[in-house]
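Asks: Need the 3D shape of this:
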Amino acid sequence: MVKPNHAIQKLKVGASFSLIALIILCLAWEGPLAPIKPEGSKLILKAVPLLLPLFGILNGRRYTYQWASMFILIYFTEGAVRAWADQGLSAKLAIAEVLLTTTFFYCTIFYAKLTRQGSQQPSH
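Replies: Sure thing, here's the model as predicted:
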């Protein structure tokens, strides 16, 4: 059986890694890899809102994990739509966005669940 503190630490690392990777992906995707317009677009700014939960996630703030789990669904939706509608490298990057947002969502909801008051009690 996995110890609760070990599971919490793994979820924190998973959420942190997936959020940082998503920020890098957004910058690379809309920058040099596959921007919507060949000369670049302001869509690169979609990475900026991802900075809002970054320090709370890195510091293990439960409240940040709670709201960020809903916030990330915007990026999941964008990834799903663009994976279906785009072609080539952009579609592959959209699939990566879906995978990263799914990982982040999973880690944040279970982190919030395991860190709530009374969650350390044994179940029957």
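
Asks: measure R61 to Y106 for me?
Replies: For R61, the distance to Y106 equals 18 Å [Cβ to Cβ, to the nearest Å]. The way it works is simple: take the backbone N, C-alpha and C, and place the C-beta from them, glycine included.

Asks: Look through the protein and tell me its longest helix.
Replies: helix 88-114 (DSSP state H).

Asks: Now do stretch 50-70: distance to the chain's middle.
Replies: 10 Å (Cα atoms, centre = their mean, to the nearest Å).

Asks: do the same with stretch 10-27
Replies: In terms of Cα atoms, centre = their mean, the centre of stretch 10-27 is set 6 Å apart from its chain centre.

Asks: Flag every buried residue along that stretch.
Replies: 11-12, 14-16, 18-19, 21-23, 25-27 (16 or more other Cβ atoms under 10 Å).

Asks: contacts for it?
Replies: For stretch 10-27, contacts defined as Cβ atoms under 8 Å, 6 or more residues apart in numbering pick out 44, 46-47, 50-51, 53-54, 57-58, 60, 65, 68, 75, 93, 96-97, 100-101, 103-104, 106-108, 110-111, 114.

Asks: Are any of those residues buried, and if so which?
Replies: For the contacts of stretch 10-27, a burial check counting by 16+ other Cβ under 10 Å picks out 44, 46-47, 50, 53, 57, 60, 65, 68, 75, 93, 96-97, 100-101, 103-104, 107-108, 110-111.
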